[in-house]
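[1] below: sequence and its predicted model.
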Amino acid sequence: MKRRDFLKRTATGVAAAGLVAGRLAGLVGAAPVLPKRKLGNTGWEATVHGFGTMNIPDDGYEAIMDRLMELGVNYVDTAYGYEGGNCERKLGTIVPKYRDRIFLATKWPHGGPPESFVASLDESLRRMKVDSVDLIQTHMCKNADMINDERVLEGFGRVKQAGKARFLGFTSHENIVDTCNAGIANGNYACMLIKNGPLANQQFNLDPVIKKAHDAGMGVIAMKCQEGDRDFPGSEKFRAGGVSLYAARVKWVLSNPNITTLITNCVSLAVAEENTKAAMQEMTEAEEQAIREYLALAKPYVCTGCGQCTRLCPRGVKVADILRYEAYATGHRQPAQGRELYAKLPRGQTFAACNLCGICEGACPNGLRVMDRLKDAHRVLA
Amino acid sequence: MRMVKHIAAMLLVCLWAAGASWAQEGYGEGGGAEPQGGWAPRTKAEKSLAAALPTKPPEGWNLSEGPGIYDEEALYQHIDGAAVLFIDYGFRLVVTAQYTKQADSGLVMTVDVYDMGTPDMGFGIYSAHRPPDPQFVDVGKQGFVVPLGLFAYKGRYFVQLAVTRPGPETDKTMLEVGRQAAESLKGKAQEPKLLKYLPGEDLLPATIKITAKNVLGQSYLDNAVSALYKEGAGESRLLLIPEPSAPEAARNFAKYKAFVAQEGQVPEELKGIGQEAFKGEIPYNGLGIIFRQGRFLGGVMRIQDEERARLLLSRLLDKLGKG
């Protein structure tokens, strides 16, 4: 089902109604309105564009916040660790005057006893010069253990009782589907903040878990819609002008009614205005086409880990696993781990056993150049 | 003749050895070297950086993750969106390792050592993280600790340690590891050259900062040094931006002056301060005087006492004049 078709079919929904109202206002010449959507069961109607504060500049952050408030943005996200806490300090000079108009979210690091969570939030509140936040999120969760960690829940219980935070959420950047499923099942989480964009969706198939979270009454906040933006042969045309892939990705994320709000990295006034403007607009045909073309260009370079290659390999080579180990190493995330995992494979399952028949490449639904990737993997891991 | 045969024989041996190694690295059936585990830095830059990581885990700790190395393309995988800031500050590489306390698996220490390319940027990223009231420690050229971390810089390098839980023993280990990391990094503990222009009188040293991008909220102004100065009961802000050339400085001065005029009152031109100067309301920075001298732009903002501000500017211009 195409997203636009879905929107048309659910035109009576609150989310869609908000979008339609906003866009109708634009059509009749009134100032465009930033639509709002229900943030799960929090009771808050969040604007579809939220202020991501990760890299706000030293000079001009006040202007960015003032402008976003003028445009009606009512969701602000920050974290304990941005610039060693200096990001929250900057916000402390401006957030208090807007506190009653915004839903304020920050984060705490996973790990440590319940007291460490409380201490982290206390520091955040002190830096931001506010008494409480609306949402406290455990940062960078990547598995069910981190989600179900009793220390987090105990820590949240304490800060909630003290009136320092109203809702608990989590953020996830990797192993997103499993982590989100755990978050939904846990039942204590009001919101989740996950990366979402055309490329991430293609790679990780996030729509089902997003819908599941939405239907379970959770607020779904998206981030990093521009992530994964890189050049593939042929993609340079998107940089040359014409359709803005940048704006198209903002609209693409928001065309999913199960996403409550998209926070973007508002590093300058121009970016803040551009992103808010994009969030007020519906995708054009040209933008949809641009996204489709970009994804088509990206496909042969992005392994989704479906495992078809492994299943069909006549030699028993663990193709998909080897590509994953290569990602560990070439991404430099865990080169030691990548090599260690490769070393544990029996020789008959490594590239050494490959007879270059190319069946894996033919089987890949994305058209990935599997043989080249396997050769590269062996070069890096061996 | 014997020498020629000797050399030929050696060449043959070399060719055979090379052939053997190529065969080992050959692909497909019957080929393929046996995979080796472990991580080894490959380039000179990586080796230089890797020397800063502990050669063995601190006593009572195990290596639990890594070591790893990230370049610009992969940095997002390590520190997520915070990578943008590091890249703005000229990031080249980071090496990282994580250690877990043997007696307490919940206590984790992460060590990151960044190569930021130049001393200006090494200091710059450090200053971006430094709080207004730092608890300084003797690590690298300068360092400070916060409840769950240690930050330091030495020349082009930035060292960052983080723990999941503070404590006297942990803090001591963090300090030792941080010190050792800084000492292992090659090169002098250089201070950025820009800092030499800052007048010393009334300077609040913990406020010195290098901002990489979007200085004064303008996309065309980069790499500024700034600091706060005591001014009576308050503080004023001094700023200095080196431009690539005098003509570019002149262009950017005009642009910024036009921006200030557009935001509020028309700025008042001033004589006798640099080659050109104006006074006006600097957005979000109160009253300010901005000047151009050669290839430098600069100014004082949040002025409460104009006479003192002009004195500060004259000291700055004096230092610029001396080169």
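    Cool, got the structure. Numbers count the residues shown, from 1 in each chain, chains lettered A, B, ... in the order given.
[2] report the contact partners of the closest residue to A:L381 other than its chain neighbours.
    Among residues not flanking A:L381 along the chain, A:Y342 sits closest, at 4.0 Å (CB to CB, 6 or more residues apart in numbering or on different chains). To be clear about C-beta, it is placed using only N, CA and C from the backbone, and glycine gets the same treatment. A:Y342 is in contact with A:322, A:325, A:350, A:377, A:381-382, B:35, counting by CB atoms under 8 Å, 6 or more residues apart in numbering or on different chains.
[3] hmm, which of these is lowest in pLDDT?
    Lowest pLDDT within these is found at B:P35 (23).
[4] which parts of the stretch 101-250 of chain A sit against chain B?
    A:109, A:111-113, A:116, A:119-120, A:123, A:140, A:173, A:223-224, A:227 (CB under 8 Å from any CB of the partner chain).
[5] what is the nearest of these to chain B?
    Nearest to chain B among these is A:G111, at 3.6 Å by CB to the nearest CB.
[6] check contacts around that closest one.
    B:106, B:108, B:164-165.
[7] could you identify the buried members of these?
    B:108, B:164-165 (16 or more other CB atoms under 10 Å in any protein chain shown).
[8] report the buried members of the contacts of A:Y342.
    A:322, A:325, A:350, A:377, A:381-382, B:35.
[9] return the member of those residues nearest to A:T264.
    Closest approach to A:T264 among the buried ones among the contacts of A:Y342 (CB to CB): A:Y325, at 33.2 Å.
[10] can you classify the closest one as helix, strand or coil?
    Look at A:Y325: counting by DSSP: H, G, I helix; E, B strand; the rest coil, its state is helix.
[11] that one touches A:H378, doesn't it?
    No - counting by CB atoms under 8 Å, A:Y325 stays clear of A:H378, with 10.2 Å between them.
[12] confidence score at residue 250?
    Answering for chain A, as no chain was given. In this model, A:V250 carries a pLDDT of 94.
[13] that's the other chain; I wanted chain B
    With respect to pLDDT, B:A250 scores 97.
[14] which residues does the closest residue to it other than its chain neighbours contact?
    Excluding the flanking residues, the one nearest B:A250 by CB to CB, 6+ apart is B:R292, at 6.3 Å. B:R292 sits next to B:249-250, B:253, B:274-277, B:298 when contact means CB under 8 Å, 6+ apart.
[15] isn't there a helix covering B:R292?
    No - assigned with three-state DSSP, B:R292 falls outside any helix and is strand.
[16] beta partners for it?
    Judged by DSSP bridges, the bridge partners of B:R292 are B:E276, B:L297.
[17] and it, how close does it get to chain A?
    The spacing between B:R292 and chain A, counted by CB to the nearest CB, to the nearest Å, is 18 Å.
[18] how about stretch B:181-196: buried residues?
    For stretch B:181-196, by 16+ other CB under 10 Å, it's B:181-182, B:184-185, B:189-192, B:194-195.
[19] and these, which of them are in helices?
    Cross-referencing the buried residues of stretch B:181-196 against helices under DSSP state H gives B:181-182, B:184.
[20] and the strands in the stretch 51-200 of chain B?
    For the stretch 51-200 of chain B, the strands defined by DSSP state E, counting those that start in this stretch cover B:61-71, B:93-101, B:104-115, B:135-137, B:142-146, B:149-154, B:157-163.
[21] quick one: closest of those to chain A.
    Of all the strands of the stretch 51-200 of chain B, strand B:61-71 comes closest under CB to the nearest CB, at 4.6 Å.
[22] is chain A contacted by the closest one?
    Yes - for strand B:61-71 and chain A, the contact criterion (CB under 8 Å from any CB) is met by B:65-71.
[23] tell me which residue lies nearest the centroid of chain B.
    With distances taken as CA atoms, centre = their mean, B:G122 lies nearest the centre of chain B, 2.4 Å away.
[24] actually chain A, not the one I typed
    Taking CA atoms, centre = their mean, chain A has its central residue at A:K195, 1.0 Å away.
[25] hey, what's it bridged with?
    A:M223.
[26] got the contact list for it?
    A:172-173, A:176, A:222-225, A:227.
[27] in the stretch 1-150 of chain A, what residue lies closest to chain B?
    Closest point on the stretch 1-150 of chain A to chain B, by CB to the nearest CB, is A:G60, at 2.6 Å.
[28] where do the helices sit along the stretch 201-323 of chain B?
    B:246-263, B:306-322 (DSSP state H, counting those that start in this stretch).
[29] need those in a markdown table (columns: mean neighbour count and distance to B:L204).
    As requested, those are exported to a markdown table (neighbours: other CB atoms under 10 Å in any protein chain shown; distance: least, CB to CB, whole Å):
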| stretch | mean neighbour count | distance to B:L204 |
| --- | --- | --- |
| helix B:246-263 | 16 | 25 |
| helix B:306-322 | 16 | 12 |
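[30] these into TSV, with extra columns for distance to A:A190?
    Listed next are the helices of the stretch 201-323 of chain B as TSV, based on distance: least, CB to CB, whole Å:
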stretch	distance to A:A190
helix B:246-263	40
helix B:306-322	50
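[31] tell me which of those helices sits nearest to A:A296.
    Here helix B:246-263 is closest among the helices of the stretch 201-323 of chain B (CB to CB), at 41.4 Å.
[32] quick check, pLDDT for the residue in the stretch 251-382 of chain A that chain B sits nearest to.
    At 3.0 Å from chain B, A:A352 is the closest residue in the stretch 251-382 of chain A, using CB to the nearest CB. Per-residue pLDDT puts A:A352 at 86.
[33] and the one 10 residues further on, by the same measure?
    We have a pLDDT of 86 for A:G362.
[34] before we move on, what about the one 10 residues further on?
    The score at A:D372 is 83. That number is its pLDDT.
[35] just checking, what packs against the helix or strand containing it?
    Assigning secondary structure by DSSP states H and E places A:D372 in helix A:370-381. Contacts defined by 3 or more CB pairs under 8 Å, 6 or more residues apart in numbering or on different chains; DSSP states H and E place helix A:370-381 against helix A:319-330, helix A:335-344, helix A:359-363.
[36] ok, of those, where does mean pLDDT dip lowest?
    Among the helices and strands packed on helix A:370-381, helix A:335-344 scores lowest, at a mean of 75.
[37] ok, the nearest residue to A:M146 once chain neighbours are set aside to A:Y98 distance?
    Distance criterion CB to CB, 6+ apart; nearest residue to A:M146, sequence neighbours excluded, is A:H110 at 5.3 Å. Separation of A:H110 from A:Y98 (CB to CB, to the nearest Å): 29 Å.
[38] same check on A:A278?
    Computed as CB to CB, the A:A278 to A:Y98 distance reads 22 Å.
[39] looking at these two, which is more packed in?
    Neighbour count, other CB atoms under 10 Å in any protein chain shown: between A:A278 and A:Y98, A:A278 has more, with 24 against 17.
[40] look up the pLDDT of that one for me, please.
    95.
[41] if we can go back for a sec, with distance to A:R89 added, can I get the contacts of A:Y342 in CSV?
    Formatted as CSV, the contacts of A:Y342 follow (distance: CB to CB, whole Å):
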residue, distance to A:R89
A:I322, 46
A:Y325, 41
A:T350, 51
A:A377, 44
A:L381, 44
A:A382, 48
B:P35, 48
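[42] just the closest of those residues to B:D305, please.
    Nearest to B:D305 among these, with distances taken as CB to CB, is A:Y325, at 64.1 Å.
[43] which one is that closest one nearest to, not counting chain neighbours?
    A:G338 (4.4 Å).
[44] what do you get for B:A51?
    B:S184 (4.8 Å).
[45] quick revisit: and the helices of the stretch 201-323 of chain B: which comes nearest A:I136?
    Of the helices of the stretch 201-323 of chain B, nearest to A:I136 by CB to CB is helix B:246-263, at 36.7 Å.
[46] A:V243: what's it in contact with?
    A:V243 touches A:284, A:286-287, A:289-290, counting by CB under 8 Å, 6+ apart.
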